[in-house]
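Visitor: prediction below, plus the sequence it came from.
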Amino acid sequence: MHPLAARQPPAPVGLSSRHGAWITGFLLMALALLMTGPVHAAASVVPVSTLPWWFWPLALFVTCFFIGIVAVPAGIGGGTLFVPIIGGFFPFHLDFVRGAGLLVALASALAAGPVLLRGGLSSLRLALPLALLASMSSIAGALLGLALPASVIQTALGLIVLGIVALMLVSKKSEFPHVAKPDRLSSALGIHGVFIDGASGRSIDWQVHRTPLGLVLFLAIGVMAGMFGIGAGWANVPALNLLMGAPLKVSAGTSGLVLSLVDSSAAWVYLNRGAVLPMIAVPSVVGMMLGARIGARLLHVLKGSVIRKMVITLLLFAGIRALLKGLGLWV
């Protein structure tokens, strides 16, 4: 049996839109090729593998590099794409994939963090109180996820990913939401800031409201992040943008800081339970970090609609496969 089948350089800031289109096209083609090959391997896990041992680490590295490029501009975190894609198309047990997924989401967030902070697209004042509550609940989510059977988690993961797709389709994100007056808690915590929008050159002053409701919501987000190992950028951005009124780019950038704290807490549970294999985690993390640094720079220049459509397509395909695999309709 295959040893992993059992349970038991950055782009410049001034990148043109034409270059962004070339990168996007190459990304779609490469991901399609990568996803086509591992499908057959995952569907035919046999006692003797016909592939050399280095094939899967190399495939993980390349796949995660491209996932990192799209994850940061989309603000969804690398784990959101990593777990359904790797879990569905690579011959690894889901527990190992979820453990690596948390490290992958953590790596992409940490790699993009310095660039986003220097550009004013992340706010520590906004991220820290939300990440504190989400980190605590993510530990409970990780313990619950490891206690449930893999088929149950796979089915639930498929439903969650398809729910993410529906949320991304129906949500109408506002580039610069209007917050007439901050609430008392956000004023007391000093949650406000200024950033320069690279697309328009405007200086944007922002503040937030509905902070208590946002704190409660991030408790639930933390549970899902730990249980499925997918990070929670897909939920962070709508919560920050639509509920609390942070600008869209600030929401996407701050989401990475929240992920770096939440995923590091849940990852310790998977490490303690032996659900992190270096052969899966190391190439995935390295590829994700390199891709995330490029993605952080593309956030300034690449159209969000292009990234959004690409992410929705990938998640829809991976979510359907995860659901069918969990139900035993797709081996």
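Guide: Nice, I can see it.
Visitor: please, where are all the helices along the stretch 201-331 of the chain?
Guide: 211-228, 233-238, 248-272, 278-301, 304-326 (DSSP state H, counting those that start in this stretch).
Visitor: want to throw the ones you listed into TSV with mean pLDDT?
Guide: What follows is the helices of the stretch 201-331 of the chain, written out as TSV (pLDDT from 0 to 100):
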stretch	mean pLDDT
helix 211-228	89
helix 233-238	75
helix 248-272	81
helix 278-301	82
helix 304-326	75
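Visitor: can I get these in CSV with distance to W56 and mean neighbour count?
Guide: In this view, the C-beta of every residue, glycine as well, is placed from N, C-alpha and C. Formatted as CSV, these follow (distance: least, Cβ to Cβ, whole Å; neighbours: other Cβ atoms under 10 Å):
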stretch, distance to W56, mean neighbour count
helix 211-228, 22, 22
helix 233-238, 26, 26
helix 248-272, 19, 25
helix 278-301, 8, 23
helix 304-326, 18, 19
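Visitor: figure out which of the ones you listed is closest to A107.
Guide: Nearest to A107, of all these, is helix 278-301, at 4.3 Å by Cβ to Cβ.
Visitor: quick one, which of the helices of the stretch 201-331 of the chain is nearest to F96?
Guide: Of the helices of the stretch 201-331 of the chain, nearest to F96 by Cβ to Cβ is helix 278-301, at 5.5 Å.
Visitor: show me what the closest one is packed against.
Guide: helix 17-43, helix 55-74, helix 78-89, helix 94-118, helix 248-272 (3 or more Cβ pairs under 8 Å, 6 or more residues apart in numbering; DSSP states H and E).
Visitor: again, only using 10 Å
Guide: Judged by 3 or more Cβ pairs under 10 Å, 6 or more residues apart in numbering; DSSP states H and E, the packing partners of helix 278-301 are helix 17-43, helix 55-74, helix 78-89, helix 94-118, helix 248-272, helix 304-326.
Visitor: quick one: that helix to helix 78-89, angle?
Guide: Angle of helix 278-301 versus helix 78-89, following axes from the mean of the first three to the mean of the last three Cα atoms, to 10 degrees, is 130 degrees.
Visitor: if we can go back for a sec, out of the helices and strands packed on helix 278-301, nearest to P283?
Guide: Per Cβ to Cβ, nearest to P283 of these: helix 55-74, 4.0 Å.
Visitor: ok so, going back, redo the helices and strands packed on helix 278-301 as JSON lines? Include distance to M136.
Guide: Listed next are the helices and strands packed on helix 278-301 as JSON lines, based on distance: least, Cβ to Cβ, whole Å:
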{"stretch": "helix 17-43", "distance to M136": "35"}
{"stretch": "helix 55-74", "distance to M136": "24"}
{"stretch": "helix 78-89", "distance to M136": "19"}
{"stretch": "helix 94-118", "distance to M136": "15"}
{"stretch": "helix 248-272", "distance to M136": "7"}
{"stretch": "helix 304-326", "distance to M136": "27"}
